[in-house]
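Trainee: With the sequence up front, the predicted model follows.
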Amino acid sequence: MAEPTDVEHLVKQLMAGASPEEGTALLDALMSGHVSSILEKLKRDEAPTLLPIPTEIRGFRVRLDLHGAKPPVWRRVELPGDLTLPRLHAVIQTSMGWCDSHLHRFRTRSDPRAPYFATAFDLDEGYDDEEGMLEDDVRLDQLLAAKSDELWYEYDFGDGWDHRLVVEEVLAEPPSAVRCTGGRMACPPEDCGGIGGYEQLAVWVRSGYDGRFLPDNFDDAAHAHEWLPLDWHPDHFDIDETNAALTVAVSEPVTVTGELADLAEQLDRRGIRLLREMLGRPLSHEPTEVTDAEAARITETYRIFLDVVGDGVTLTGAGYLPPAIVEQFAERSGITGWWIGKANREDLTPPVAEVHRTARALGLVSVRKGRLSPTAAAVRSRQDPQALRRHIAGRLPLGAKDFDRQSGWMALAAVGSGTPAQEWHSEIGDLMFALGWRDGYDKTSPPPARSATLDVLEHLAGAVRTRWRKVEGVDPSVAATARAAIRET
């Protein structure tokens with residue numbers, strides 16, 4: 001007889017999705033003593049059955065449908081047979097348009113009680129891999145072999161988004177790249193309440209936002225518009241956008257080590273690929289070198305600061321830079337041209353204070369007995385922009401606390417991957433949210449993205465010359481410096 005914990009686990013598996021009549025029949029069987037045969041059957045069926053790995057890799061043209069959606073929400077995708085289930089998870093997320101912010105599970109049949117593949121998250125939560133099979137090394141061609149073969153994928157166990165993947169054609173040769181060849185309708189918004197909530201939203205949007213069709217879970221139209229993804233329409237599908245996103249989703253991430261690798265693995269084990277996909281973007285794989293002229297340009301703010309400090313300056317009694325030094329730095333760096341104040345007191349000129357603070361954090365200056373002086377590293381590198389850039393990259397990310405370092409790593413990953421400056425905050429915030437950090441006020445929103453590391457990257461991008469924190473676009477040399485910081489780990 002199985003142990004009590006086994007009985008509980010297996011009965012829950014059988015009861016999942018059972019009708020009231022089926023539940024009653026099961027209880028009757030248990031009460032009558034017919035337990036062993038039921039448990040043995042469940043034990044036999046608990047692990048999925050795999051096909052032998054083919055001697056030659058083939059391809060599959062599959063249709064992916066969101067089960068229960070009317071009109072159908074579907075995608076047609078061409079896949080290589082050696083695609084592993086974690087990679088297939090990324091393909092499904094991207095081709096459908098999900099945000100990969102919830103758990104998922106593959107199973108072999110439509111029945112929720114069918115054998116399924118466990119994820120790394122299941123393992124972390126106490127799943128016994130002797131009772132089933134992890135998805136990590138399972139290939140698509142170990143589950144599918146012929147036309148009409150199918151695989152089921154569930155996403156977000158709360159909303160219960162079930163997907164049916166069915167083979168339309170077996171290809172003699174695997175596609176050179178995963179690609180979407182067709183589809184219809186937009187993916188439902190995340191956390192909208194399952195098929196029922198999605199259908200209510202679709203009716204409201206298709207009506208031109210008629211107040212009569214506003215879903216009941218919103219206070220008013222403004223609340224709904226604020227929550228709804230920008231420009232979302234249920235009938236929209238763009239195959240070019242989908243394939244561009246797939247190119248990123250299936251790209252191998254650049255190799256990282258240390259803390260950043262640990263953070264990426266932490267998210268991977270929860271089924272969240274945001275960081276891996278960022279590290280897989282084409283620019284993440286680009287070189288880390290820049291020309292001498294570019295090194296001089298991006299390090300200008302810190303070189304001016306070191307030049308103004310010279311051999312050292314005596315700080316005020318409160319620990320601030322002397323007014324004359326503040327004024328000189330503000331003038332030479334460009335701050336005076338846009339700052340609304342006199343720019344002659346550090347405590348009243350935050351852009352100057354921030355450069356001072358980050359220069360100390362970078363080990364370019366230090367304070368001893370009330371005197372601010374350049375460090376040995378600064379003396380060696382302030383006349384050599386390439387050396388200064390290497391020193392800065394080698395000190396990043398800044399901070400000792402978990403939040404500061406994790407936010408710093410996310411900043412380096414975002415900037416190094418080519419995220420435009422105006423999107424740095426949102427991408428870093430999303431990554432920090434995925435890592436478990438929350439806004440200190442409402443506890444449900446992403447935390448602020450600010451960190452000393454991000455401040456340094458903004459200074460390299462010319463924040464003091466283009467108004468404080470108003471940099472935009474992609475600066476290839478700053479991105480290369482961020483990548484250098486990542487790869488030096």
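Mentor: Ah, there it is.

Trainee: any chance you could map the strands in the protein?
Mentor: For the chain, the strands defined by DSSP state E occupy 59-66, 74-80, 104-107, 116-118, 133-134, 150-155, 161-171, 179-184, 313-314, 365-368, 371-374.

Trainee: Hmm, I92 is touching L64, no?
Mentor: Yes - the criterion here is C-beta atoms under 8 Å, and I92 meets it with L64 at 6.4 Å. Every residue, glycine included, has its C-beta placed from N, CA and C.

Trainee: Flag every buried residue along the longest helix along the chain.
Mentor: In the chain, taking DSSP state H as the definition, the longest helix is helix 402-416. When burial is assessed from 16 or more other C-beta atoms under 10 Å, helix 402-416 yields the following buried residues: 404-416.

Trainee: Using JSON lines, lay out those residues together with distance to R105 and pLDDT.
Mentor: Converted to JSON lines, the buried residues of helix 402-416 look like this (distance: C-beta to C-beta, whole Å; pLDDT from 0 to 100):
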{"residue": "D404", "distance to R105": "35", "pLDDT": "97"}
{"residue": "R405", "distance to R105": "33", "pLDDT": "97"}
{"residue": "Q406", "distance to R105": "28", "pLDDT": "97"}
{"residue": "S407", "distance to R105": "31", "pLDDT": "97"}
{"residue": "G408", "distance to R105": "34", "pLDDT": "98"}
{"residue": "W409", "distance to R105": "29", "pLDDT": "98"}
{"residue": "M410", "distance to R105": "28", "pLDDT": "97"}
{"residue": "A411", "distance to R105": "33", "pLDDT": "98"}
{"residue": "L412", "distance to R105": "33", "pLDDT": "98"}
{"residue": "A413", "distance to R105": "28", "pLDDT": "97"}
{"residue": "A414", "distance to R105": "30", "pLDDT": "97"}
{"residue": "V415", "distance to R105": "34", "pLDDT": "98"}
{"residue": "G416", "distance to R105": "33", "pLDDT": "97"}
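
Trainee: Including distance to D455, could these go into TSV?
Mentor: Below are these laid out as TSV (distance: C-beta to C-beta, whole Å):
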residue	distance to D455
D404	11
R405	14
Q406	16
S407	11
G408	10
W409	15
M410	14
A411	9
L412	13
A413	16
A414	14
V415	12
G416	16
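
Trainee: so which of those would you say is closest to L454?
Mentor: A411 (4.4 Å; C-beta to C-beta).

Trainee: Give me the distance between that closest one and A482.
Mentor: A411 sits 8 Å away from A482, going by C-beta to C-beta, to the nearest Å.

Trainee: intersection of neighbour lists for those two?
Mentor: By C-beta atoms under 8 Å, 6 or more residues apart in numbering, A411 and A482 have these common neighbours: L457.

Trainee: Tell me which residues touch the residue lying closest to G59 once chain neighbours are set aside, please.
Mentor: Nearest residue to G59, sequence neighbours excluded (C-beta to C-beta, 6 or more residues apart in numbering): L171, at 3.4 Å. For L171, the contact set (C-beta under 8 Å, 6+ apart) comprises R58, G59, F60, R61, E78.

Trainee: who wins for most neighbours among the residues you listed?
Mentor: The most crowded member of those, judged by other C-beta atoms under 10 Å, is F60 (26 neighbours).

Trainee: Please report how far the residue sitting nearest the centre point of the chain lies from C99.
Mentor: In the chain, the residue lying closest to the centroid (C-alpha atoms, centre = their mean) is L274, at 1.9 Å. Distance, L274 to C99, using C-beta to C-beta: 8 Å.

Trainee: Report the contact partners of V203.
Mentor: Per C-beta under 8 Å, 6+ apart, neighbours of V203: F213.

Trainee: redo that, cut-off 10 Å
Mentor: Each residue near V203 by C-beta atoms under 10 Å, 6 or more residues apart in numbering is listed here: D210, R212, F213, L214, P215, P234.

Trainee: Likewise for G271?
Mentor: Contacts of G271 were listed using C-beta under 10 Å, 6+ apart, and they are 86, 89-90, 93, 100-105, 119-122, 135, 155.

Trainee: Buried subset of those as a ChimeraX selection?
Mentor: Buried residues among the contacts of G271 (16+ other C-beta under 10 Å), as a ChimeraX selection:
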select :86,89,90,93,100,101,102,103,104,105,119,120,121,122,135,155
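
Trainee: Narrow the contacts of G271 to those in helices?
Mentor: Residues of the contacts of G271 located in helices (DSSP H): P86, H89, A90, Q93, A120, F121, D122.

Trainee: And the pLDDT for the fourth one?
Mentor: Which is Q93. Among the per-residue scores, Q93 holds a pLDDT of 95.

Trainee: and it, how far is that from T255?
Mentor: Counting by C-beta to C-beta, the gap from Q93 to T255 is 23 Å.

Trainee: what's the span of stretch 72-83, first residue to last?
Mentor: Its start and end residues considered, stretch 72-83 measures 26 Å (C-alpha to C-alpha, to the nearest Å).

Trainee: Which positions within it qualify as buried?
Mentor: Under the neighbour-count rule (16+ other C-beta under 10 Å), stretch 72-83 has V73, W74, R75, R76, V77, E78, L79, P80, G81, D82, L83 buried.

Trainee: what's the offset of it from the middle of its chain?
Mentor: Its chain's average C-alpha position is 22 Å from that of stretch 72-83, according to C-alpha atoms, centre = their mean, to the nearest Å.

Trainee: Please tabulate the strands of the chain in TSV, including the columns distance to D455 and mean pLDDT.
Mentor: Converted to TSV, these look like this (distance: least, C-beta to C-beta, whole Å; pLDDT from 0 to 100):
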stretch	distance to D455	mean pLDDT
strand 59-66	43	98
strand 74-80	42	98
strand 104-107	37	94
strand 116-118	42	91
strand 133-134	42	86
strand 150-155	37	97
strand 161-171	40	98
strand 179-184	40	97
strand 313-314	22	98
strand 365-368	15	97
strand 371-374	18	98
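
Trainee: export those strands to JSON lines and tack on distance to V471?
Mentor: Formatted as JSON lines, the strands of the chain follow (distance: least, C-beta to C-beta, whole Å):
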{"stretch": "strand 59-66", "distance to V471": "40"}
{"stretch": "strand 74-80", "distance to V471": "37"}
{"stretch": "strand 104-107", "distance to V471": "37"}
{"stretch": "strand 116-118", "distance to V471": "45"}
{"stretch": "strand 133-134", "distance to V471": "44"}
{"stretch": "strand 150-155", "distance to V471": "36"}
{"stretch": "strand 161-171", "distance to V471": "38"}
{"stretch": "strand 179-184", "distance to V471": "34"}
{"stretch": "strand 313-314", "distance to V471": "28"}
{"stretch": "strand 365-368", "distance to V471": "24"}
{"stretch": "strand 371-374", "distance to V471": "26"}
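
Trainee: Go through those and name the closest to E265.
Mentor: Of all these, strand 133-134 sits nearest to E265, with 14.9 Å by C-beta to C-beta.

Trainee: That closest one - contacts with which helices or strands?
Mentor: In terms of contacts (3 or more C-beta pairs under 10 Å, 6 or more residues apart in numbering; DSSP states H and E), strand 133-134 is packed against strand 116-118, helix 120-124.

Trainee: Would you check that R360 makes contact with V367?
Mentor: Yes - using C-beta atoms under 10 Å, R360 is in contact with V367, at 7.3 Å.

Trainee: okay, those two: which has more neighbours?
Mentor: Taking other C-beta under 10 Å, R360 and V367 do not tie; R360 has more neighbours (15 against 12).

Trainee: so the spatially closest residue to the more buried one that is not a sequence neighbour bridges to which residues?
Mentor: Counting by C-beta to C-beta, 6+ apart, S366 is the residue found nearest to R360 once chain neighbours are left out, at 6.8 Å. Beta-bridge pairing of S366 under DSSP bridges involves S373.
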